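Q: Okay, structure incoming, though there's no sequence with it:
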């Protein structure tokens, strides 16, 4: 019996290994091909590179405007995520601690709005912000992320704040802290684990988002990384080497962060789903 | 409940704490949404300063736009298949990596990997795999299934989209199922195993019923993502060959921004919203009824 279950155990492990290979093989293929010459890619896409073509990277780096795209993505993601987390935490805190009818309605409205798909909003959004002359501006995009991102963040914070005892805050208020000071000194630190969840969910979304930036950012120097990848890929479709290198360059920051923050990222997604 | 003295102090606290969020929320979601409803009754072409009201014309147009309904039907089919497959694969993976073996953290990390990358990049990577790698392997090893690129055959291109979608989202849903599996109370499991329940029986009678909340969340998420698929559609197949894989979200985009018929595009987006909202709410309503207490 023991022997049989050991064979069973090995079979399970083996099938998991096969599944894992299926999941990461596309990335490995991409990386090996990014070092090959064009001709080697088309004649044998499965082979390992014979010599390393760093030229692919140089030309992709150049033509994508990598530095500028990376900088734009970084600014938009960092500013967007920080502002969403901070503002949503304040709003959720206020809603929980001032549980009036009005606040209940406002909270309900935000939660209900989560079901509206972006496609139902994008056309009027472009029209309104276009007529106000607010398109093609990174800060408009960040502002829009706050609008689209705050309902979920308020919802998650709301659930968590309900479980925090009120005494802590009351003590601080007694001691003469103002509302704002109490929030920053007492409440915000307690919210840290939830903020990590909010940050993970929003980084994954904002860093990789394509449709909204493609509508808002029209000039090439404003482009984010997904946008510049898209235009780069669309313009140079014959030359596979640089294309592969370009995709690797887009992946690279994500992979580096994942290597260090893997546990938090998976934890964050897990927490976010249980609400 | 915290209360403060003075109307002005109260108002100031409210503005500081909720003002920025509510203002952004209102101006980015609520006002455009309402204005969007108004736009469905106009004939704006994207350039003219003025637009005129055309009544229900756009909605009549939606019903006459056979391409919209074809792509909506195709999207339904795509959503149904991807929801079933994604969740089946995700649950199996979650079940396999919560059995307490070594290195399960690495497996989880690996399966989750595709979710870190945007649909645009994933689509381009798989475009390369379908056009070059699989064709190469198919010809070398004589596998007729891969001898010609899937992306140039309308039926297979549809399945290519499904393969990549399942591959992309299974890891995300797996993480949610792992959380659900870990929440199944240990004492219930122990009691069942003392009573002599087999692994399979425990799965069917205890684990699955207690996992209903996770299934609700995952089916809800995969439904929404399925209906809204855009990035992957654009970069993997760009709707082709011959518009055979143009999903409804991409169709709305094309109708508004490329065909410059914003009124009709917005009406289609709105019809899409109503249909999707109805389907997802029905799903949540009916699956809530399956929930049990531990």
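A: Good, I have the coordinates. All values reported here derive from a predicted model rather than from experimental measurement. Numbering: from 1, shown residues only, chains lettered A, B, ... in the order given.
Q: what about the closest residue to chain B within the stretch 101-250 of chain A, neighbour count?
A: The stretch 101-250 of chain A approaches chain B most closely through residue A:147 (2.5 Å), counting by Cβ to the nearest Cβ. For the C-beta atoms, the positions are set from N, CA and C on the backbone; glycine is no exception. Burial of residue A:147, expressed as a neighbour count using other Cβ atoms under 10 Å in any protein chain shown, amounts to 24.
Q: Show the contacting residues for the closest residue to it other than its chain neighbours.
A: Among residues not flanking residue A:147 along the chain, residue B:28 sits closest, at 2.5 Å (Cβ to Cβ, 6 or more residues apart in numbering or on different chains). Taking Cβ atoms under 8 Å, 6 or more residues apart in numbering or on different chains, we find residue B:28 in contact with A:121, A:125, A:143, A:144, A:146, A:147, A:148.
Q: now these in a markdown table, with distance to residue A:107, secondary structure and pLDDT?
A: Output for the contacts of residue B:28, formatted as a markdown table (distance: Cβ to Cβ, whole Å; DSSP: H, G, I helix; E, B strand; the rest coil; pLDDT from 0 to 100):
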| residue | distance to residue A:107 | secondary structure | pLDDT |
| --- | --- | --- | --- |
| A:121 | 20 | coil | 94 |
| A:125 | 23 | helix | 94 |
| A:143 | 22 | helix | 97 |
| A:144 | 21 | helix | 97 |
| A:146 | 17 | helix | 97 |
| A:147 | 16 | helix | 96 |
| A:148 | 17 | helix | 97 |
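Q: Test for you: state the pLDDT assigned to the residue nearest to residue A:147.
A: On pLDDT, residue B:28 comes in at 96.
Q: ditto for the one 5 residues further on
A: Here the pLDDT value assigned to residue B:33 is 95.
Q: wait, does the lengthiest helix in chain A contact chain B?
A: For chain A, the helix with the greatest residue count under DSSP state H is helix A:240-274. Yes. Contact of helix A:240-274 with chain B (Cβ under 8 Å from any Cβ of the partner chain) involves A:240, A:243-244, A:247, A:250-251, A:254-255, A:258, A:262-263, A:265-266, A:269-271, A:273-274.
Q: ok, now how distant is the residue nearest to residue A:147 from residue A:253?
A: Look at residue B:28 and residue A:253: by Cβ to Cβ, to the nearest Å, they are 27 Å apart.
Q: Repeat that for residue A:55.
A: 22 Å.
Q: In chain B, where is pLDDT below threshold?
A: B:1-5, B:49, B:293-294 (pLDDT under 70).
Q: picking that back up, give me the buried subset of the residues of helix A:240-274 next to chain B.
A: The neighbour count (16 or more other Cβ atoms under 10 Å in any protein chain shown) marks A:240, A:243-244, A:247, A:250-251, A:254, A:258, A:262, A:265-266, A:269-271, A:273 as buried among the residues of helix A:240-274 next to chain B.
Q: Pull the most distant pair out of those residues.
A: Maximum pairwise distance in those, criterion Cβ to Cβ, is 40.5 Å, between A:240 and A:271.
Q: How about the helix ranked longest in chain B and chain A, touching?
A: Longest among the helix segments of chain B by residue count, using DSSP H, is helix B:66-96. Yes. Counting by Cβ under 8 Å from any Cβ, chain A is contacted by helix B:66-96 at B:93, B:96.
Q: same for that helix, what does it pack against?
A: helix A:2-34, helix B:104-112, helix B:154-182, helix B:212-227, helix B:248-253, helix B:262-288 (3 or more Cβ pairs under 8 Å, 6 or more residues apart in numbering or on different chains; DSSP states H and E).
Q: follow-up on the earlier one: out of the buried ones among the residues of helix A:240-274 next to chain B, which one has the weakest pLDDT?
A: Confidence-wise, residue A:273 trails the rest of those, at 76.
Q: wouldn't that one be in contact with residue B:179 here?
A: Yes. Contact criterion Cβ atoms under 8 Å: residue A:273 and residue B:179 qualify, at 6.0 Å.
Q: picking that back up, in this structure the residue of the stretch 101-250 of chain A closest to chain B contacts residue B:32, no?
A: No. The pair residue A:147 / residue B:32 is not scored as a contact, 9.1 Å apart, by Cβ under 8 Å.
Q: Find the centremost residue of chain B, please.
A: residue B:225 (0.9 Å; Cα atoms, centre = their mean).
Q: quick one: that one from chain A, how far?
A: 10 Å (Cβ to the nearest Cβ, to the nearest Å).
Q: Let me know how buried the closest residue to that residue other than its chain neighbours is, in neighbour terms.
A: Using Cβ to Cβ, 6+ apart and skipping the chain neighbours, the partner closest in space to residue B:225 is residue B:169 (6.6 Å). When neighbours are defined as other Cβ under 10 Å, residue B:169 has 24 of them.
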